[in-house]
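In: Show me how the following folds:
(chains A and B)
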Amino acid sequence: KAGVTQTPRYLIKTRGQQVTLSCSPISGHRSVSWYQQTPGQGLQFLFEYFSETQRNKGNFPGRFSGRQFSNSRSEMNVSTLELGDSALYLCASSLARRQTINYGYTFGSGTRLTVV
Amino acid sequence: GENVEQHPSTLSVQEGDSAVIKCTYSDSASNYFPWYKQELGKRPQLIIDIRSNVGEKKDQRIAVTLNKTAKHFSLHITETQPEDSAVYFCAASKGSGGSYIPTFGRGTSLIVHP
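Out: This is a model prediction of the structure:
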């Protein structure tokens, strides 16, 4: 069964531009979460989408947004890019069934974003 | 919200030695504690997990212990091998209505010297 697929794998953007990243979850997984990973900061939670609705949100500015489609695929958008947005962006999908914990929480390979 | 502290940030050992990574958490309601291994350039992968109703869990050379009273949990790797070199992340979470958002520690870079 296919894993979590993130596209593109690498991206170089200029300050001030915007970018859209894509995440296709494991078939049947309805929850998609996004993380920013930078050296020394670990994995910082951006937001989680479930059934096309943002269910949880981390402490990131409004320049970071996302959405989820009816097939559970999710996109993350960053507007007005800053140098500090350079990072590995990971998504993770899970079944997220009621009364279960970490049912199949699986990460994608990430998108490496470089802002110049 | 939950806060997870992880130590050390870097751990260097000789092949065959044991390695221990420690984490503390702040929310006493957290009930699930996974550990992830991230090799260079790859995605984090779950290697072992423990639930709050269990004190210890072992899987071959790796084991995790949990002390709910002190709110800390540890990863133990015995007979380390060069392929154990990676960044290890601990996490704490509490499932609620199917929503599962783990809070991660900052990671420990484990280096195993042959």
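In: which non-adjacent residue is nearest residue 4?
Out: With no chain named, the answer covers chain A. residue A:108 (3.7 Å; C-beta to C-beta, 6 or more residues apart in numbering or on different chains). Backbone N, C-alpha and C define where each C-beta goes, glycine included.
In: that's the wrong chain, I meant chain B
Out: residue B:105 (4.5 Å).
In: Now for the one you found: which residues touch it?
Out: Applying C-beta atoms under 8 Å, 6 or more residues apart in numbering or on different chains, we find residue B:105 in contact with A:42, B:4, B:5, B:6, B:23, B:89, B:90, B:91.
In: Determine the number of other residues adjacent to the second one.
Out: One way to gauge burial is a neighbour count; for residue B:4, by other C-beta atoms under 10 Å in any protein chain shown, it gives 23.
In: now swap in the fourth one and tell me
Out: Here the number of neighbours of residue B:6 (other C-beta under 10 Å) works out to 21.
In: what's the answer for the last one, then?
Out: As a burial measure, the neighbour count of residue B:91 was computed by other C-beta under 10 Å and equals 28.
In: Now name the helix or strand holding it.
Out: strand B:86-92 (DSSP states H and E).
In: hey, where'd the helices end up in chain A?
Out: For chain A, no helices turn up when DSSP state H is the criterion.
In: pLDDT weak spots in chain B?
Out: Applying pLDDT under 70 to chain B flags the ranges B:95-99.
In: ok so, going back, now for the strand holding residue B:91, which elements pack on it?
Out: strand B:4-7, strand B:19-25, strand B:32-38, strand B:72-77, strand B:103-104, strand B:108-113 (3 or more C-beta pairs under 8 Å, 6 or more residues apart in numbering or on different chains; DSSP states H and E).
In: Looking at the ones you listed, which is nearest to residue B:54?
Out: Nearest to residue B:54 among the helices and strands packed on strand B:86-92 is strand B:32-38; the distance by C-beta to C-beta comes to 9.7 Å.
In: Contact partners for residue 86?
Out: In the absence of a named chain, chain A is used. A:38, A:113, A:114, A:115.
In: could you do chain B instead?
Out: By C-beta under 8 Å, 6+ apart, the contact list for residue B:86 reads B:37, B:38, B:39, B:40, B:109, B:110.
In: what about the closest residue to the last one other than its chain neighbours, how many neighbours?
Out: What sits nearest to residue B:110 in space, not counting adjacent residues and going by C-beta to C-beta, 6+ apart, is residue B:11, at 5.0 Å. Here the number of neighbours of residue B:11 (other C-beta under 10 Å) works out to 17.
In: isn't residue B:11 right next to residue B:111, touching?
Out: Yes. With contact defined as C-beta atoms under 8 Å, residue B:11 reaches residue B:111; the gap is 7.1 Å.
In: Tell me what residue 6 is bridged to.
Out: All of this refers to chain A. Residues in a beta bridge with residue A:6, per DSSP bridges, are residue A:23.
In: You answered for a different chain; I wanted chain B.
Out: residue B:23.
In: which residues touch it?
Out: A:42, B:21, B:22, B:23, B:89, B:90, B:105, B:106, B:107, B:108.
In: Stretch B:44-51 close to chain A?
Out: Yes. Against chain A, stretch B:44-51 shows contacts by C-beta under 8 Å from any C-beta of the partner chain at B:44, B:45, B:46, B:49, B:51.
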